[in-house]
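Engineer: this one's structure only:
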């Protein structure tokens, strides 16, 4: 999705309603299966931003297929999805996101006390859009990235 899609009138909500776990999980599962069985890949890691971050987290639970993952500003993640992670996970979260997500209450209260297979980075004072690419003309925000 282009960076300015929402400003230009792209309505993300209808797209998102058609791309939930019931649609996305089978696509990811078949991709992991093809990599393992068709190409002999032994270890699979994944990186996801926003919508994709949720699926990195979902597929780090036992038997789902990922061996390690990184999620930046993962959105729509449910508490149980965090609880089921049993593979190495690194999270990068913009400071503003910590104020408006129920899942991040779980992160701040629980994940920081979990074993060493978790890495958590909070970009205090950085907006979510700037976690993917620095477009800031502000030296303060640019220096935090």
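Structural biologist: That came through, no problem. In this text, all values refer to a predicted model and were calculated from it rather than measured experimentally. Numbers count the residues shown, from 1 in each chain.
Engineer: can you list contacts of the longest helix anywhere in the chain?
Structural biologist: Ranked by number of residues, the top helix in the chain under DSSP state H is helix 21-33. Residues from elsewhere that reach helix 21-33 (Cβ atoms under 8 Å, 6 or more residues apart in numbering): 44, 55, 58, 59, 64, 65, 66. For the C-beta atoms, the positions are set from N, CA and C on the backbone; glycine is no exception.
Engineer: widest-spaced pair of these?
Structural biologist: Within those, 44 and 58 form the most distant pair, 13.8 Å apart (Cβ to Cβ).
Engineer: how about the contacts of helix 21-33 in a markdown table, adding distance to residue 84 and neighbour count?
Structural biologist: Formatted as a markdown table, the contacts of helix 21-33 follow (distance: Cβ to Cβ, whole Å; neighbours: other Cβ atoms under 10 Å):
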| residue | distance to residue 84 | neighbour count |
| --- | --- | --- |
| 44 | 17 | 15 |
| 55 | 13 | 24 |
| 58 | 8 | 23 |
| 59 | 10 | 24 |
| 64 | 9 | 18 |
| 65 | 13 | 17 |
| 66 | 12 | 22 |
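Engineer: same list, the residues you listed, but as a markdown table with secondary structure please.
Structural biologist: Shown next, in a markdown table, are the contacts of helix 21-33 (DSSP: H, G, I helix; E, B strand; the rest coil):
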| residue | secondary structure |
| --- | --- |
| 44 | coil |
| 55 | helix |
| 58 | helix |
| 59 | coil |
| 64 | coil |
| 65 | coil |
| 66 | coil |
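Engineer: which stretches of this protein form helices?
Structural biologist: In the chain, the segments counted as helices under DSSP H are 12-17, 21-33, 39, 51-58, 79-83, 102-109, 139-143.
Engineer: which of those helices has the lowest average pLDDT?
Structural biologist: Mean pLDDT is lowest for helix 139-143 among the helices of the chain, at a mean of 47.
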